[in-house]
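*Asks:* Coordinates only, no sequence provided:
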């Protein structure tokens, strides 16, 4: 079958939205099939900080998810976390397998061990470049390791990712600050051919209002760093946080956990404008943190040099007509807020100490001079990436920058030239049309409750739990499998309209031959099953895959040795809640006589699929579909019933018992009901076989007596 | 389109069971569209036969193929060659009767069996339901009958209908069969041309139909010169 | 006796039987039929009444058959499959039997397009029926007569006693299949066979040999068909255009010589050819009589019926045997005068 016209020029929006373009669709497919290891490898290849991102990623994949129009996006971040948690052992093995023995390649020094620097380090070391990462603190990971509060991101997650990278051979030097302990020029002299600056934004900005120097007023980053230290800061009862970003929320929630009773966030922005993620704001609110919008500090009232209260003025507008940050105030509209502490979280800036003693130039305003396209600084061989280059961003964006930097450096080391890497996103599959949305069966998205606010504010224990396997599989089931739908082979298509008539989503049309617009197709595969010309294929679990899986399942067993009756059981993949159970039943098949073929929706089975096992020597076929009414695809159950009837009819026409085909509907789950279905079918088939044998004996006896 | 229906597999099996190597040939046009003989159906028939032979412990090699149309020499020749060169002993065609004929003409010593019953020229009135709408009589009179064919759709093919057996729009032969003439009358009524039906339609010339013997159509423009000059009748 | 017809009785008694043909007119003038009947009376044992022969509408064979019975002739009613479906055919067979008709020749019938020939327009646009074919028709008739069931399965109380005839074209293509098709007709129930016109006696003899080897001559009475040639044109036409008829060159030469002998006298030429035609006919009759398995002849003098008495006499087949009350038979001119 020609697959040419199946090539898609667009990709799933979740993948487009992801800064590192993680193939989420494929990832979910792996999960559905229980191939968690493959999922892990896919994840790690795209993002070495998968453990971290599984916790704290702002998940643009989910924001882009086309399923949002149906009920809610797929919980992709937590699915990734699930993969990570389900494959810890495999991850170690995978790291080992990927180790590249360092060759005689140029050495690269990386300054900063945050996500961008470490990602670049991993990429480079994977290509054989010896890499040394210099970290000025004792803990690697940058903000991840030293700032982000543990209720959001346990250190173990950071450590997993960092250890994984280090295990590939990246050399980490902690406690050494470039520009203070050693200069960039020293690094070159020591034999490094390229230096990557990934120093991030490590300094909190401060405010210029009267009284800001008073005791009890702190800066966000040092505060958060201290929170992570063995001796956490001591706060008063009333804590005010200045700023509306995610750091402000981290500060506020940490303050709450440190015992502050009244925590108030004061921000210039209105509720609509607040830059912190919506869910962070909500969770903070649940924890009893209040937000004063459209207010800015005017003055710090002090008592004995210690902060007592804040005088606040009204912020009338935050941005100017050009969208630039340019707050305007009404100095006459003021309010006073009593506060024992104030923590300033109005933004971060880079610390350019590392440039000391080097030729790397800075731009006015104390910023690094660097071309964002080539990531090259003014000093040959020195590159920059991450927030120091891009400004504040998310972890996954830092990872993307790390990849880019590695490519830029490799190109430089190989050719001596710089390479421009424009930020070109691949084209995303279009929005789900409303008429399609209407036809999609709504399912309940899995909402995982966080630890209850009154409990979680008591400590820094992680507030979110991961998906259980059953939850993950159930959530994965909702994936629309964007861009993996049906496509017709023009050569074979007879334009018979069968696909148009049977598509439950109204997708297929005929334009000389069948066309299935990708933005509508739900990849259910019903059209491919029914197509009389065998002209339709699917990119996900293609039409031939059913037979391939059957064949490999049969061939992997010595069917002669298997228990009889030999049964092929086609089962709905979506009803399984644990893959261990699946592999156990696979292992047992010699004894049970049941060869199981898992299919994402058994309505994909055609008459031929049901007949094929008999050709291979099976005594019976047992089809197990989803629970009644639980199918993802409208009409699919009816179609399957028709197909089963037709297949039985075929057997009848050639003189076989129609009862050798059974169709069951899952009750509860696979684990709960399938074994009993198999047993019932097995007994029935055994009885039929025995009777048949008796009849054969009778007739041969009759012959001999004659 | 030509509408066909797969023959019962028991019948098909009887045709081919004495052979060791058979080819099942599908047709990618009409019989594909009417779900009787496309690539999928070829697979189903092949599987069914394999299962049946397996049960009888017989070794029969079954080869599957499906060509675009079984009524064109260019499409049929490769499959005929495959049969001749491949030691195939019998062919089961899932094309319409034309395909069986056409293949037979090209295979001197190999029998070609029909795998479908060729039914009629029809339309898909609803998914999975085809209805005869043209009898291929060779001299279309649909201009007179409002576009509804009395030859194909009246059980008696009468030209001055409806007969006395029309009741509630149904034909006297079955309540499942629409009275073709009732359809004609209703339509003409709607169009305001009912008076045309009061004109006597004289007995028609059936020589253009099957009654005139096997027919042929010649498109002179397409025909090569040599062939044209050979033709005398 | 299956039918008790004279033809059947004579065949059963071992006579070399003679049948001839009587074509009804294209209108409803029964007198024409009666006249022909009077002309042919005693010249043959039974007379075929054609059924819209060559696709030309004529007075019906069933009616014409009834008419000639009034004149004391025994008809062989011809029944074609072209114009009637199995309902009409069975109904007409029952009707014929009720009228006392005792022989029926079951044939497919010429295609209706044959009707447009010469000055005749015919009905080439007619829809033919061919619901059943001639062999099926034989079987249907046998079923009615011997099993007492209609084709559809309904029973009959009184069965039609008809002596069943069928046609055979021994020299039709593909020649090698012809004896097998004859066997099919015999198996279906044909009591007697009238063949297509024979001119090439040698080829006919070969086909007969095969039929005899198959034992068919014992299961059915084969009557060789003889078409009386009027002139060279007719012979040529028959040779080229009538399927299953081949005329040997020698016969055509003889006819040509007869024509040439008259010089420019067209009338004489026609007379000469007619005479030669009758001579040829007589010779053919005598020759086929010698062929093993041939039990009689069927003489077709198309639109030339008045020549039949002369032919029969010259062929030495006159007078025809008669059947007495006691079932004995002998030749008698008084009761069976000819011409």
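*Replies:* Thanks, I have it. From a predicted model like this one, the values you see are computed outputs, not experimental measurements.
*Asks:* neighbouring contacts of stretch C:1-17?
*Replies:* C:19, C:45-46, C:74, C:76, C:102-103, C:145-146, C:161-164, C:191-192, C:221, C:223, C:289, C:295-297, C:317, C:321, C:323, C:327, C:329 (CB atoms under 8 Å, 6 or more residues apart in numbering or on different chains). (Glycine included, C-beta is placed from N, CA and C.)
*Asks:* Drop anything exposed from those.
*Replies:* If you count burial by 16 or more other CB atoms under 10 Å in any protein chain shown, the buried members of those come out as C:19, C:45-46, C:74, C:76, C:102-103, C:145, C:161-164, C:191-192, C:221, C:223, C:289, C:295-297, C:317, C:321, C:323, C:329.
*Asks:* Just the ones of those in helices?
*Replies:* Here DSSP state H is the test, and the buried ones among the contacts of stretch C:1-17 give residue C:289 as lying in helices.
*Asks:* mind listing which of the buried ones among the contacts of stretch C:1-17 are in strands?
*Replies:* Within the buried ones among the contacts of stretch C:1-17, residues falling in strands by DSSP state E are C:19, C:46, C:76, C:103, C:163-164, C:192, C:221, C:223, C:295-297, C:321, C:323, C:329.
*Asks:* Provide the secondary structure category for the closest residue in space to residue A:280 that isn't next to it in sequence.
*Replies:* When the adjacent residues along the chain are set aside, residue A:280 lies closest to residue A:249, with 4.5 Å between them (CB to CB, 6 or more residues apart in numbering or on different chains). When classified by DSSP: H, G, I helix; E, B strand; the rest coil, residue A:249 comes out as helix.
*Asks:* My guess is residue A:249 contacts residue A:275. True?
*Replies:* No: assessed by CB atoms under 8 Å, residue A:249 is found out of contact with residue A:275, at 10.0 Å.
*Asks:* neighbour-wise, which of the two wins?
*Replies:* residue A:249 (28 against 15; other CB atoms under 10 Å in any protein chain shown).
*Asks:* got a list of what the more buried one touches?
*Replies:* Residue A:249 is in contact with A:265, A:276, A:277, A:280, A:281, A:284, counting by CB under 8 Å, 6+ apart.
*Asks:* And it, how far from chain C?
*Replies:* Note on residue A:249: its distance to chain C, by CB to the nearest CB, to the nearest Å, is 90 Å.
*Asks:* coming back round to it: okay, the residue nearest to residue A:280: pLDDT?
*Replies:* pLDDT recorded at residue A:249 is 97.
*Asks:* residues contacting the residue in chain A positioned nearest to chain C?
*Replies:* Closest to chain C within chain A is residue A:653: 27.3 Å, counting by CB to the nearest CB. Going by CB under 8 Å, 6+ apart, residue A:653 touches B:8, B:9, B:10, B:48.
*Asks:* Compute the distance between the residue in the stretch 101-250 of chain C positioned nearest to chain B and residue A:42, please.
*Replies:* Chain B sits closest to residue C:125 of the stretch 101-250 of chain C, with a gap of 3.3 Å, by CB to the nearest CB. According to CB to CB, to the nearest Å, residue C:125 and residue A:42 sit 75 Å apart.
*Asks:* re the thing from before, looking at the ones in strands among the buried ones among the contacts of stretch C:1-17, which is nearest residue C:284?
*Replies:* residue C:297 (8.4 Å; CB to CB).
*Asks:* Tell me how far that closest one lies from chain B.
*Replies:* For residue C:297, the distance to chain B - CB to the nearest CB - is 32 Å.
*Asks:* in the sheet, who's paired with that residue?
*Replies:* residue C:18, residue C:224 (DSSP bridges).
*Asks:* doesn't residue C:228 make contact with it?
*Replies:* No: using CB under 8 Å, residue C:297 is not in contact with residue C:228, being 11.3 Å away.
*Asks:* Tell me how many other residues surround whichever residue of the stretch 51-200 of chain C sits closest to chain A.
*Replies:* Residue of the stretch 51-200 of chain C nearest chain A, by CB to the nearest CB: residue C:153 (27.3 Å). A total of 7 residues lie near residue C:153 under the criterion other CB under 10 Å.
*Asks:* Now, of the contacts of residue A:653, which are buried?
*Replies:* By 16+ other CB under 10 Å, the contacts of residue A:653 give B:9, B:48 as buried.
*Asks:* Please work out how many residues are found near residue A:660.
*Replies:* Residue A:660: 23 surrounding residues under other CB under 10 Å.
*Asks:* residues touching residue A:501, list them.
*Replies:* Residue A:501 makes contacts with residue B:127, as judged by CB under 8 Å, 6+ apart.
*Asks:* Roughly how far does it sit from residue B:119?
*Replies:* As judged by CB to CB, residue A:501 and residue B:119 stand 20 Å apart.
*Asks:* What does the closest residue to residue A:167 other than its chain neighbours show for phi and psi?
*Replies:* Of all residues not flanking residue A:167 in the chain, residue A:95 sits nearest, at 4.6 Å (CB to CB, 6+ apart). Per-residue torsions, residue A:95: phi -60, psi -50 (degrees, to the nearest 10).
*Asks:* cool, and residue A:404?
*Replies:* Note on residue A:404: backbone dihedrals following degrees, to the nearest 10 are phi -60, psi -40.
*Asks:* same check, this time on the one 4 residues further on
*Replies:* Dihedral angles of residue A:408 (phi, psi; degrees, to the nearest 10) stand at phi -60, psi -40.
*Asks:* just residue B:66 next, same as before
*Replies:* The phi/psi pair for residue B:66 (degrees, to the nearest 10) is phi -150, psi 130.
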